[in-house]
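A.B. asks: structure for the following, please:
(chains A and B)
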Number of protein chains: 2
Amino acid sequence: MDVKTIELKKTILEDNDRDADVLREQLAQQKTYYMNVMSSPGSGKTTTLIRTIRQLKARAEAQGMPELRIGVMEADIDSDVDAKTILQETGVPAVQLHTGGMCHLDADMSRQGLKEIGSGDLDLVFLENVGNLVCPAEFDTGAVKSVVILSVPEGDDKPLKYPLMFQEVDVVLVNKIDAAPAFDFDRERFLKNLADCNPSAPVFFISAATGEGAEEWCAWLDEEVRGYLAEEAEGRQ
Amino acid sequence: MDVKTIELKKTILEDNDRDADVLREQLAQQKTYYMNVMSSPGSGKTTTLIRTIRQLKARAEAQGMPELRIGVMEADIDSDVDAKTILQETGVPAVQLHTGGMCHLDADMSRQGLKEIGSGDLDLVFLENVGNLVCPAEFDTGAVKSVVILSVPEGDDKPLKYPLMFQEVDVVLVNKIDAAPAFDFDRERFLKNLADCNPSAPVFFISAATGEGAEEWCAWLDEEVRGYLAEEAEGRQ
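C.D. replies: Predicted structure coming up:
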């Protein structure tokens, strides 16, 4: 007698993957760029979003471009704090999504939030996902791209400990670089650890608090979003 | 303008809850007691199951009762070690369930495993759930009862940090009590913390390694399972 191994048919994940593809297509048709922002609790997601939104507005003004119409969905198990902060600090529309204890957001939950925030009138919607480096990585939200924010105090070994997260994302932000002198965070070691699971994701070192590095990150994002909007507009002609 | 809060319709959880009720009813009809065992990684789930199975066999022999026909489903992200250990150490049928990265098991995944292990010919099936104190608590597996194993080195404050887990379970095992002198684990403080979220669950203090306390736990379990089997047999006459 031996032990049998069963690969569970991951019905939940497969159904969600299909639904996420449908949502991505719907968002492309309405020309909305949807970005999924993930991180541990306390790594500075909300502060980074505030910094990013302000910087994108400043860029548009400096370059005489129309401002991107931005919205933010704040997912949280039960608090309402983050969405209020975003609205107060940036003036952009924000909704709070209560997950009711769920450790992640899936495509259907994204769809409900996008409907409520009125994504049809927005160019760029950020989802601040539940603070957790494990579960959110497993569920496709339907976003065009996903970003992980890692803060310096968490350590340069995190890609080794949370490989799925660092493998699934399209771009990496290393936040709180102003705190680096107090922590043993080695950029080269971090980049090597990251390259082992994700050799192609662009990496930006920023301090959302001081603004250091935010211009490079926002230049990338601005180009990424405007490129997508132009392409979708052209594609639908 | 103010912030809107959206309570996400938790379609995944609601669908799963319905499915779990269906599975529970099917298992009652075929007279199989299904028990969901949850814990952090390293708290001794496999060792506890081995100790429990041996003790249940010894009880049956001592009391001249027919042995319970037991099976074990070992859920793991990708390892095969635990199911082989169970089979080698106890001789009971064991299957390994690969969750493919999922942080929990749901009712449908349970059903696939129960079919493979041949639960129709078993009186008692243990599920060793994925090692995680958060996500598995959110998903009803269809089990008759759920148990959490907390090991002494994890600390007596865990019910405060993982309230959903300790609230959802029907019985609590505190394992590795032989290690208590080396750790600041206060039983009274633990029981108080547990009572805050779950005042009714029975608690057993055991050492799966030395066997201390295992007789009390197994006496409870034996009575629980045999009571269920007798009730279902009577109910179906």
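
A.B. asks: from here on, just use CA atoms for contacts and neighbour counts.
C.D. replies: Fine.

A.B. asks: chain A: strands as residue ranges?
C.D. replies: A:4-7, A:33-39, A:70-76, A:94-98, A:124-128, A:145-151, A:171-175, A:203-205 (DSSP state E).

A.B. asks: how about the residue nearest to the spatial centre of chain A, what does it touch?
C.D. replies: Using C-alpha atoms, centre = their mean, the residue of chain A that lies closest to the mean C-alpha position is A:V37, 1.8 Å off. Taking C-alpha atoms under 8 Å, 6 or more residues apart in numbering or on different chains as the definition of contact, the neighbours of A:V37 are A:K45, A:F126, A:L127, A:E128, A:N129, A:S146, A:V147, A:V148, A:I149.

A.B. asks: ok so, going back, any chance of a markdown table for the strands of chain A, columns mean pLDDT?
C.D. replies: As requested, those are arranged in a markdown table below (pLDDT from 0 to 100):
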| stretch | mean pLDDT |
| --- | --- |
| strand A:4-7 | 81 |
| strand A:33-39 | 97 |
| strand A:70-76 | 92 |
| strand A:94-98 | 91 |
| strand A:124-128 | 97 |
| strand A:145-151 | 97 |
| strand A:171-175 | 98 |
| strand A:203-205 | 98 |
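
A.B. asks: with distance to B:S200 added, can I get the ones you listed in CSV?
C.D. replies: As requested, the strands of chain A are arranged in CSV below (distance: least, C-alpha to C-alpha, whole Å):
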stretch, distance to B:S200
strand A:4-7, 36
strand A:33-39, 36
strand A:70-76, 30
strand A:94-98, 29
strand A:124-128, 37
strand A:145-151, 41
strand A:171-175, 45
strand A:203-205, 50
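
A.B. asks: just to revisit the earlier point, any idea how far chain B is from the residue nearest to the centre of chain A?
C.D. replies: Using C-alpha to the nearest C-alpha, to the nearest Å, one gets 18 Å for the distance from A:V37 to chain B.

A.B. asks: same thing with A:F166?
C.D. replies: As for A:F166, its distance to chain B is 14 Å (criterion: C-alpha to the nearest C-alpha).

A.B. asks: ok, A:D82 next?
C.D. replies: According to C-alpha to the nearest C-alpha, A:D82 and chain B sit 10 Å apart.

A.B. asks: what sits against that residue?
C.D. replies: Contact analysis of A:D82 by C-alpha under 8 Å, 6+ apart lists A:T46, A:E74, A:Q96.

A.B. asks: for A:V203, same thing?
C.D. replies: For A:V203, the set of contacting residues under the criterion of C-alpha under 8 Å, 6+ apart consists of A:V171, A:V172, A:L173, A:V174.

A.B. asks: is the first one bridged to anything, and to what?
C.D. replies: So that's A:V171. For A:V171, the beta-bridge assignment (DSSP bridges) gives partners A:V147.

A.B. asks: my guess is it contacts A:A201, does it?
C.D. replies: Yes. The pair formed by A:V171 and A:A201 meets the contact definition of C-alpha atoms under 8 Å, at 4.9 Å.

A.B. asks: for the lowest-mean-pLDDT helix or strand in chain A, enumerate the helices and strands it packs against.
C.D. replies: Of all helical and strand segments in chain A, the minimum by mean pLDDT, DSSP states H and E falls on strand A:4-7, at a mean of 81. Judged by 3 or more C-alpha pairs under 8 Å, 6 or more residues apart in numbering or on different chains; DSSP states H and E, the packing partners of strand A:4-7 are strand B:94-98.

A.B. asks: and chain A, which residues reach chain B?
C.D. replies: When proximity is defined as C-alpha under 8 Å from any C-alpha of the partner chain, chain A approaches chain B at A:2-10, A:12, A:80, A:83-84, A:87, A:93-103, A:109, A:112-113, A:116, A:135, A:138.

A.B. asks: returning to what we had before: of all the strands of chain A, which one is nearest B:D222?
C.D. replies: Shortest distance between B:D222 and the strands of chain A, using C-alpha to C-alpha, is found for strand A:4-7: 27.0 Å.

A.B. asks: list the contacts of that closest one.
C.D. replies: Residues contacting strand A:4-7 (C-alpha under 8 Å, 6+ apart): B:D80, B:A94, B:V95, B:Q96, B:L97, B:H98, B:T99, B:G100, B:G113, B:E116.

A.B. asks: pull the number of nearby residues for the fourth one.
C.D. replies: Counted with other C-alpha atoms under 10 Å in any protein chain shown, the burial measure for B:Q96 works out to 28 neighbours.

A.B. asks: what does the third one give?
C.D. replies: A count of nearby residues for B:V95, using other C-alpha under 10 Å, gives 26.

A.B. asks: so who does it touch?
C.D. replies: Contact partners of B:V95, counting by C-alpha under 8 Å, 6+ apart, are A:V3, A:K4, A:T5, A:I6, B:V72, B:M73, B:E74, B:A83, B:G113, B:E116, B:I117.

A.B. asks: likewise for the fourth one?
C.D. replies: Contacts of B:Q96 were listed using C-alpha under 8 Å, 6+ apart, and they are A:V3, A:K4, A:T5, A:I6, B:M73, B:E74, B:A75, B:D76, B:D80, B:D82, B:A83.

A.B. asks: for A:A208, list the residues it contacts.
C.D. replies: Residues counted as contacts of A:A208 (C-alpha under 8 Å, 6+ apart) are A:G44, A:T47, A:T48, A:R51, A:N175, A:K176, A:A214.

A.B. asks: most neighbours, which of the residues you listed?
C.D. replies: Ranked by neighbours (other C-alpha under 10 Å), these are led by A:N175, which has 28 neighbours.

A.B. asks: mind listing the helices for chain A?
C.D. replies: Using DSSP state H, the helices of chain A run over residues A:11-29, A:45-63, A:81-90, A:107-117, A:158-161, A:163-168, A:187-197, A:214-235.

A.B. asks: so which of those helices is nearest B:V22?
C.D. replies: With respect to B:V22, and counting by C-alpha to C-alpha, the nearest of those is helix A:11-29 at 17.1 Å.

A.B. asks: now the angle from that closest one to helix B:11-29?
C.D. replies: Counting by axes from the mean of the first three to the mean of the last three C-alpha atoms, to 10 degrees, helix A:11-29 lies at 160 degrees to helix B:11-29.

A.B. asks: buried set for helix A:11-29?
C.D. replies: Residues A:I12, A:L13, A:N16, A:D17, A:D19, A:A20, A:D21, A:L23, A:R24, A:L27, A:A28 are the ones in helix A:11-29 that count as buried (16 or more other C-alpha atoms under 10 Å in any protein chain shown).

A.B. asks: what is the neighbour count of A:E223?
C.D. replies: Using other C-alpha under 10 Å as the criterion, A:E223 is surrounded by 11 other residues.

A.B. asks: what's the pLDDT at it?
C.D. replies: A:E223 is assigned 97 on the pLDDT scale.

A.B. asks: swap in A:C103?
C.D. replies: The predicted local confidence for A:C103 comes out at a pLDDT of 79.

A.B. asks: now swap in A:I12 and tell me
C.D. replies: Here the pLDDT value assigned to A:I12 is 70.

A.B. asks: so it versus A:R18, what's the distance?
C.D. replies: Separation of A:I12 from A:R18 (C-alpha to C-alpha, to the nearest Å): 10 Å.

A.B. asks: also A:V171?
C.D. replies: Where A:R18 is concerned, A:V171 sits at a distance of 23 Å (C-alpha to C-alpha).

A.B. asks: A:L133 now?
C.D. replies: If you measure A:L133 against A:R18 using C-alpha to C-alpha, the figure is 23 Å.
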